[in-house]
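Trainee: Compute the structure for the input listed below.
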Amino acid sequence: MNKTVLSTLGMLLLSTQAQAAPDSSNDRLEQIAERGVLRVCTTGDYRPYSYLRPDGEYEGIDIDMARSLADSIGARVQWVPTTWKALMPDFVAKGCDIGVGGISVTLERQRKAWYAESLGTDGKIPLVRCDDVVRYRTVEQLNHQDVRVIEPPGGTNEAFVRHYLPDASLALYDDNVTIFQQLVDKHADVMITDASEALYQQQHMPELCAVNPGEPLQYGEKAYLLPRGDMDWKQYVDQWLHLSTATGEYGKIATHWIGTVPSS
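Mentor: Numbering: from 1, shown residues only. Below you'll find the model as predicted:
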């Protein structure tokens, strides 16, 4: 075999090896381990999942879970604040490794990011003053101009109202922490939200009631956001979630915050 053939075979072998070798520059798991930092996007305004306290500390189910994920890699958490309206642009532009905080699964978000395995079902229901439970049970009852609906801008709650309740009077309210007081004070009649949030607020604000939490108006799931294109990172997060659930860690964290484990 002459030198030209040997040279050609060598080049082909090197080319094949280069294609087969993993691209460490695109290995997010290794990057996180090397820098010792897990960048976590979260809104901090959605109890019981993610809440930014007045003292600047985050708390909630998904906050504890994010810290658990960081610990599993030997890293610390770097919180990346965002809003529901800016969630997807921020998640992509700010280089977040994961997004947490009661994030609903939607196909629109799926076009820009991946999701980890689902954390469970959590559909949309009305949250109303307890005196009005019978009055606001169905879409037909809600979809009237004299029904004052209030929602935070940019999320799946607003999207539900615009799609299913086009005749209702919709007001957008920027503060998703104090928005529930607007119902108590009779500045609005209904907030469409996830059953988990409605049940949490019902526990802490006795004037408010979750309407038919076991029969949501729309099916929904929650999951953590992940960057597109890194299957190794997704597989790691999915396996961590599986083990967290199987060992009871997730159940203990959820029970601490809401007294029960979200439905799967």
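Trainee: Tell me where this structure has helices.
Mentor: 3-20, 28-35, 61-73, 87-93, 107-110, 139-142, 156-164, 179-184, 195-204, 231-246, 249-258 (DSSP state H).
Trainee: Tabulate these (CSV), appending mean pLDDT, distance to K124 and mean neighbour count.
Mentor: Using the backbone N, CA and C atoms, a C-beta is placed for each residue, glycine as well. Output for the helices of the chain, formatted as CSV (pLDDT from 0 to 100; distance: least, CB to CB, whole Å; neighbours: other CB atoms under 10 Å):
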stretch, mean pLDDT, distance to K124, mean neighbour count
helix 3-20, 37, 47, 9
helix 28-35, 96, 32, 15
helix 61-73, 98, 19, 21
helix 87-93, 96, 18, 17
helix 107-110, 94, 16, 12
helix 139-142, 98, 10, 14
helix 156-164, 96, 5, 17
helix 179-184, 98, 15, 19
helix 195-204, 92, 8, 21
helix 231-246, 97, 24, 16
helix 249-258, 92, 18, 17
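Trainee: In a markdown table, list these along with distance to T42.
Mentor: Formatted as a markdown table, these follow (distance: least, CB to CB, whole Å):
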| stretch | distance to T42 |
| --- | --- |
| helix 3-20 | 37 |
| helix 28-35 | 17 |
| helix 61-73 | 7 |
| helix 87-93 | 9 |
| helix 107-110 | 15 |
| helix 139-142 | 30 |
| helix 156-164 | 16 |
| helix 179-184 | 18 |
| helix 195-204 | 15 |
| helix 231-246 | 15 |
| helix 249-258 | 15 |
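Trainee: And these: which comes nearest L225?
Mentor: Nearest to L225, of all the helices of the chain, is helix 87-93, at 5.8 Å by CB to CB.
Trainee: Counting by contacts, list what that closest one packs against.
Mentor: Here helix 87-93 touches strand 37-42, going by 3 or more CB pairs under 8 Å, 6 or more residues apart in numbering; DSSP states H and E.
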